[in-house]
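Enquirer: Structure, please.
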Amino acid sequence: MASASMDDEGLENAAILLMSLGEEEAAEVFKHLAPKEVQRLGETIARMRAVTRERVEGVMDAFEKVAANESMLVADSNEYVKSVLRKALGEDKANLLIDRILQGSDVTGIESLKWMDPQSVAELLRNEHPQIVAAILVHLEFDQAAEVLKLFTERQRNEVMVRIATLDGIQPTALRDLNEVMSKVLAGGDRSKKSSLGGVKTAAEILNMLGSAVETSVLDFVREADNDLAQKIMDNMFTFDDVEKIDDKGIQSLMKEVQSESLVIALKGATPALREKIFKNMSTRAAETLREDLDSRGPVRLSEVESEQKEMLKIVRRLVDEGQIVLAGGGDEQFV
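Expert: Model prediction:
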């Protein structure tokens, strides 16, 4: 199982580089990072104490080599981004990301919401029409949207989720209307192409982050209004129990990425069949140690179990994107 990941080392190296630049230059770099990147780097910098001169020099040398091989001269940056993302992610995944990136002039206000805590976003949206809330939340990261929805009443949350699931993209004129409603929180744009945000998959991804109790309530509400829609959402959801459907090679890849402590807590809420699936894809010694840890571990809060399961599902989705895990699709078979 993984110990300190390369991600952690990369974060520390980035933190060292930023600290070496000085406050003003580091601030300029932060302006170009996503909210989560800023948060993770900020936390890493705050944790760092003494760093050896050798490590600082090593980081600077590595950066110099990378920078020397990079060219920032691109004739058409928009087309360059599209081309690179499509080659890296495939057409479908890239198109969704391209919409988010190149829609910048239309959604600068929404981008600012990504820097706010869920409580503040919820307060801002609480009195808006569910259709408006849905149109805004589909622009946020799935986990942030889920945290905002948790702060709504059950009825409002359910109504918003129905609208997210039935949202068929957002027209530029709709974005300009949102700009007026939100009073400068959103910004209008000149794009003539409808974005591909929203829909059943978006609703399913947000539901995956909401937790089992809220998930059941939302699906029951949707099912009463539109049973077919509820089924489509469920078909696109990937729950922790679905880990059992991953093949042995995929489980082994997953085990390399998951911390031992996280795995123990996550498996406290797993079915016996899923536990056995995990055990059989570990070495005899590792499986025995895991069994002992599970047996000796006392009661764990459900919220803690669900939190660790969500983290494992994030790893699963990343490995799917990287092609290390294959998930069986619903009606039509798809290979990723």
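Enquirer: Distance of residue 46 relative to residue 304?
Expert: For residue 46, the distance to residue 304 equals 24 Å [CB to CB, to the nearest Å]. From N, CA and C alone the C-beta is placed, and that goes for glycine too.
Enquirer: Between these two, which is the more surrounded one?
Expert: residue 304 (13 against 8; other CB atoms under 10 Å).
Enquirer: in which helix or strand would I find the more buried one?
Expert: helix 302-321 (DSSP states H and E).
Enquirer: residues of that helix that come out buried?
Expert: Across helix 302-321, burial judged by 16 or more other CB atoms under 10 Å covers 305-306, 308-310, 312-313, 315-317, 319-320.
Enquirer: Same question for stretch 238-247.
Expert: In stretch 238-247, counting by 16+ other CB under 10 Å, buried: 238, 240, 243, 246.
Enquirer: swap in stretch 145-159?
Expert: Buried, per 16+ other CB under 10 Å, within stretch 145-159: 145-149, 152, 156-159.
Enquirer: Is residue 218 in contact with residue 160, as I believe?
Expert: No. Residue 218 is beyond contact range of residue 160, at 9.2 Å (criterion: CB atoms under 8 Å).
Enquirer: Which of the two has more residues huddled nearby?
Expert: Neighbour totals were compared for residue 218 and residue 160, and residue 160 leads with 28 against 25 (other CB under 10 Å).
Enquirer: And for the helix or strand encompassing the more buried one, what's in contact with it?
Expert: Counting by DSSP H and E, the element that carries residue 160 is helix 154-166. Applying CB atoms under 8 Å, 6 or more residues apart in numbering, the contact partners of helix 154-166 are 126, 130-131, 133-134, 137-138, 149-150, 152, 198-200, 202-203, 206-207, 214, 217-218, 221-222, 225-226, 229, 232-233.
Enquirer: Stretch 277-291 too?
Expert: Identification of contacts with stretch 277-291 by CB under 8 Å, 6+ apart yields 1, 243-244, 248, 251-252, 255, 260, 263-264, 267, 270.
Enquirer: now swap in stretch 37-45 and tell me
Expert: Against stretch 37-45 from outside (CB under 8 Å, 6+ apart): 11-12, 14-15, 18-19, 30, 33.
Enquirer: who wins for neighbours among these?
Expert: residue 15 (22 neighbours).
Enquirer: next one: stretch 285-300 to chain centre, how far?
Expert: Mean-position distance between stretch 285-300 and its chain equals 29 Å (CA atoms, centre = their mean, to the nearest Å).
Enquirer: Stretch 205-212 now?
Expert: 11 Å.
Enquirer: List the buried residues in it.
Expert: 205-211.
Enquirer: Take these and lay them out in CSV including distance to residue 41 and secondary structure.
Expert: Formatted as CSV, the buried residues of stretch 205-212 follow (distance: CB to CB, whole Å; DSSP: H, G, I helix; E, B strand; the rest coil):
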residue, distance to residue 41, secondary structure
205, 25, helix
206, 26, helix
207, 30, helix
208, 26, helix
209, 23, helix
210, 28, helix
211, 28, coil
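Enquirer: Name the nearest of those relative to residue 52.
Expert: Checking the buried residues of stretch 205-212 against residue 52 with CB to CB, the nearest one is residue 209 at 39.7 Å.
Enquirer: unless I'm mixing things up, that closest one is touching residue 310, no?
Expert: Yes. Counting by CB under 8 Å, residue 209 does reach residue 310; the two are 6.4 Å apart.
Enquirer: Give the residues shared as contacts by these two.
Expert: Any residue near both residue 209 and residue 310 by CB under 8 Å, 6+ apart counts here, and that gives residue 143.
Enquirer: coming back round to it: which two from the buried residues of helix 302-321 end up farthest apart in space?
Expert: Those two in those that are separated most widely, counting by CB to CB, are 305 and 320, at 22.5 Å.
Enquirer: ok, so of the buried residues of stretch 238-247, who is nearest residue 121?
Expert: residue 238 (25.2 Å).
Enquirer: who's in contact with residue 56?
Expert: Contacts for residue 56 (CB under 8 Å, 6+ apart) come out as 16, 20.
Enquirer: Same question for residue 208.
Expert: By CB under 8 Å, 6+ apart, the contact list for residue 208 reads 142, 215, 237-239, 310, 313.
Enquirer: In helices only, show me these.
Expert: Under the assignment DSSP state H, the contacts of residue 208 contribute 142, 215, 310, 313 to helices.
Enquirer: Among the residues you listed, find the lowest-pLDDT one for me.
Expert: Lowest in pLDDT among those is residue 215, which has 79.
Enquirer: Please give me every residue in contact with the closest residue to that residue other than its chain neighbours.
Expert: Nearest non-adjacent residue to residue 215, counting by CB to CB, 6 or more residues apart in numbering: residue 207, 5.2 Å away. Residue 207 sits next to 146, 161, 215, 218-219, 233, 237 when contact means CB under 8 Å, 6+ apart.
Enquirer: Could you look up the SS state of residue 17?
Expert: Assigned by DSSP: H, G, I helix; E, B strand; the rest coil, the conformation of residue 17 is helix.
Enquirer: and the gap between it and residue 59?
Expert: Counting by CB to CB, the gap from residue 17 to residue 59 is 6 Å.
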